[in-house]
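A.B. asks: Quick one: sequence and predicted model below, then my questions.
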Amino acid sequence: MANQSVSKVNGQDLPRDGFDFDYQSGFGNHFSSEALPGALPPNQNSPLICPYGLYAEQISGTSFTSPRKLNLRSWLYRIKPSVTHEPFKPRVPSHGKLLSEFNQSNSCANPTQLRWKPVDIPDSPTDFIDGLYTVCGAGSSFLRHGFAIHMYTANKSMDNCAFCNADGDFLIVPQQGRLCITTECGRLEVSPGEIAILPQGFRFTVSLPDGPSRGYVAEVFGAHFHLPDLGPIGANGLAAPRDFLVPTAWFEDSSHPGYTIVQKFGGELFTARQDFSPFNVVAWHGNYVPYKYDLSKFCPYNTVLFDHSDPSINTVLTAPTDTPGVALLDFVIFPPRWLVAEHTFRPPYYHRNCMTEFMGLIHGGYEAKADGFVPGGASLHSCMTPHGPDTKSYEATIAFGNEAGPHKISDTMAFMFESCLIPRVCWWAMESPFVDHDYYQCWIGLKSHFTAEEKDPRNIIVQNGLDQA
Ligand SMILES: O=C(O)Cc1cc(O)ccc1O
Ligand SMILES: [Fe+2]
């Protein structure tokens, strides 16, 4: 590992070329990890005196009485308990662009197709917290039901401070620049093409070993992410449990005067001072954990004869509602894959969906949009808002013809956050200079090829030419 440092976390150098963090693998396991041998108390969670004189502390992600199969909690053995801080105060300056409740006073309803160009990386020093802003969302963190979609641009590591989100779980999708995320359970290196899940309540700090960073964040209130059921696919396929990576215990014991915990609570930021690092957990065990996943490990399934499968076939993780099959938020990807369908319009079909679709692009292009949807950009097609391939993609597909052989879509990684709730869009997202006001134009050129004569419709299109109205 090369060790040319470009950035620091809590005064320590970060390597440019990759970290040698250790991980544990699995999804939903009961994990355990010790940074010092024997630091985990044997046989019990809360001994009178813990090994090494540590404090025992529980963090729960579900109510104590949640059914066992849903129950999430971990035990952290730490040098000082997390309560050891001064009172929370509203953060000054306040942030102002984070929401966890959506209503007429702070956001708008808008059924039109919306698209944003990639937001520029700021010129002024901006860390992950200051660079995070909400785009849209629905429901309320106070009522424990809803979601928010945020994006971030940053150019600076968080310094002597940690973030804690009391509102919900973060699913972070870096698009540019690696993130080194130090959590209470240990450290995660997350590159573009990987995702990280930071469950509600965990303290973490984000360092940027590559400098400029941009990405997307989905936040869910009152639910956690699960692997989707596989139904008739069988016991294997899509995201495999063993490819989810959980940190191993890592701690620092140095004093950190003026260390700040920044707590997001009801969408507002509060700060509390303490004189030590919150990353002081020497050992932990449990099933409530931060984790990461490399999207290139996803094993896609799809049609092998005809027709276009619904995008749910590419679900990586799902945060459920109480209604079976109805997601509060699905995380779906469109990875590189072979297209083999016969006599089929292979790109996504034209559609109106009762669910809402927010899309982002990590790299490459997206099969339904020849122009305008670029890495770092985003689109929002709300409940029942019609959308589908742009005119160029439609015409190129028809021109390609019926006999198209197997074709591989490569160099691409698009994704979708799909929710059953209808989002309101933040004012600043609507007024952003990065809104693509011409988005609707990409469909305006779609022509009628209708003819009342009884003929093979494909011949009509091909013989009459695509440019005939
Ligand atoms: O709208 C989109 O581009 C996402 C999408 C992709 C697809 O293959 C089928 C349906 C769908 O909504
Ligand atoms: Fe769609």
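C.D. replies: Received it, and whenever you're ready, just let me know what you need. Ligands and ions are numbered 1, 2, ... in the order given.
A.B. asks: Run through the helices of the stretch 351-469 of the chain in chain order.
C.D. replies: 391-400, 427-430, 441-444, 457-464 (DSSP state H, counting those that start in this stretch).
A.B. asks: Comparing those, which yields the minimum mean pLDDT?
C.D. replies: Mean pLDDT is lowest for helix 457-464 out of the helices of the stretch 351-469 of the chain, coming in at a mean of 57.
A.B. asks: What distance do you get for L48 to ligand 1?
C.D. replies: 56 Å (Cβ to the nearest ligand atom, to the nearest Å). All C-beta atoms are positioned from the backbone trio N, CA, C, and that covers glycine.
A.B. asks: Then R337?
C.D. replies: For R337, the distance to ligand 1 - Cβ to the nearest ligand atom - is 11 Å.
A.B. asks: contacting residues for the closest residue to ligand 1 within the chain?
C.D. replies: Closest approach of the chain to ligand 1 (Cβ to the nearest ligand atom) occurs at P348, with a separation of 3.4 Å. P348 is in contact with H308, P311, E367, A368, G388, P389, counting by Cβ atoms under 8 Å, 6 or more residues apart in numbering.
A.B. asks: And M430, by the same measure?
C.D. replies: Contacts of M430 (Cβ under 8 Å, 6+ apart): C108, N110.
A.B. asks: 10 Å instead, please
C.D. replies: S107, C108, N110, L114, V135, C136 (Cβ atoms under 10 Å, 6 or more residues apart in numbering).
A.B. asks: Quick one: find the helix or strand in the protein with the lowest mean pLDDT.
C.D. replies: Within the chain, confidence by mean pLDDT, DSSP states H and E is lowest for strand 5-9 among all helices and strands, at a mean of 43.
A.B. asks: contacting residues for the nearest residue to N287 once chain neighbours are set aside?
C.D. replies: Excluding the flanking residues, the one nearest N287 by Cβ to Cβ, 6 or more residues apart in numbering is H30, at 4.9 Å. By Cβ under 10 Å, 6+ apart, the contact set of H30 is S74, H285, G286, N287, V289.
A.B. asks: The second one: which element?
C.D. replies: H285 is located in strand 281-286, with elements delineated by DSSP states H and E.
A.B. asks: Now do the buried residues in the helix or strand following that strand.
C.D. replies: Downstream of strand 281-286, the first helix or strand assigned by DSSP H and E is strand 291-294. Across strand 291-294, burial judged by 16 or more other Cβ atoms under 10 Å covers Y291, K292, Y293.
A.B. asks: so where is the protein shaky, pLDDT-wise?
C.D. replies: 1-17, 402, 454-469 (pLDDT under 70).
A.B. asks: Please identify the residues of it in proximity to ligand 1?
C.D. replies: Proximity of the chain to ligand 1, by Cβ under 6 Å from any ligand atom, involves residues P311, P348, H351, N353, E357, A368, H387, M416.
A.B. asks: D310 is in contact with the third one, correct?
C.D. replies: Think H351. Yes: with contact defined as Cβ atoms under 10 Å, H351 counts as touching D310 (9.3 Å).
A.B. asks: Mind checking which of the two has more residues around it?
C.D. replies: More crowded of H351 and D310, by other Cβ atoms under 10 Å: H351, with 15 against 12.
A.B. asks: what's near enough to touch the more buried one?
C.D. replies: For H351, the contacting residues are H308, D310, P311, E357, H381, M384, T385, P386, H387, G388, by Cβ under 10 Å, 6+ apart.
A.B. asks: which of these count as buried?
C.D. replies: For the contacts of H351, a burial check counting by 16+ other Cβ under 10 Å picks out H308, P311, E357, H381, T385, H387, G388.
A.B. asks: distance of the second one from L72?
C.D. replies: Just to be clear, that refers to P311. Distance, P311 to L72, by Cβ to Cβ, to the nearest Å: 28 Å.
A.B. asks: next one: N45
C.D. replies: N45 is 15 Å from L72, by Cβ to Cβ.
A.B. asks: In terms of neighbours, single out the busier of those two.
C.D. replies: Neighbour count, other Cβ under 10 Å: between N45 and L72, L72 has more, with 18 against 14.
A.B. asks: which residues of the stretch 201-350 of the chain fall in strands?
C.D. replies: Per DSSP state E, counting those that start in this stretch, the stretch 201-350 of the chain carries strands over the ranges 203-207, 213-221, 244-247, 255-265, 268-276, 281-286, 291-294, 315-320, 327-334, 337-339.
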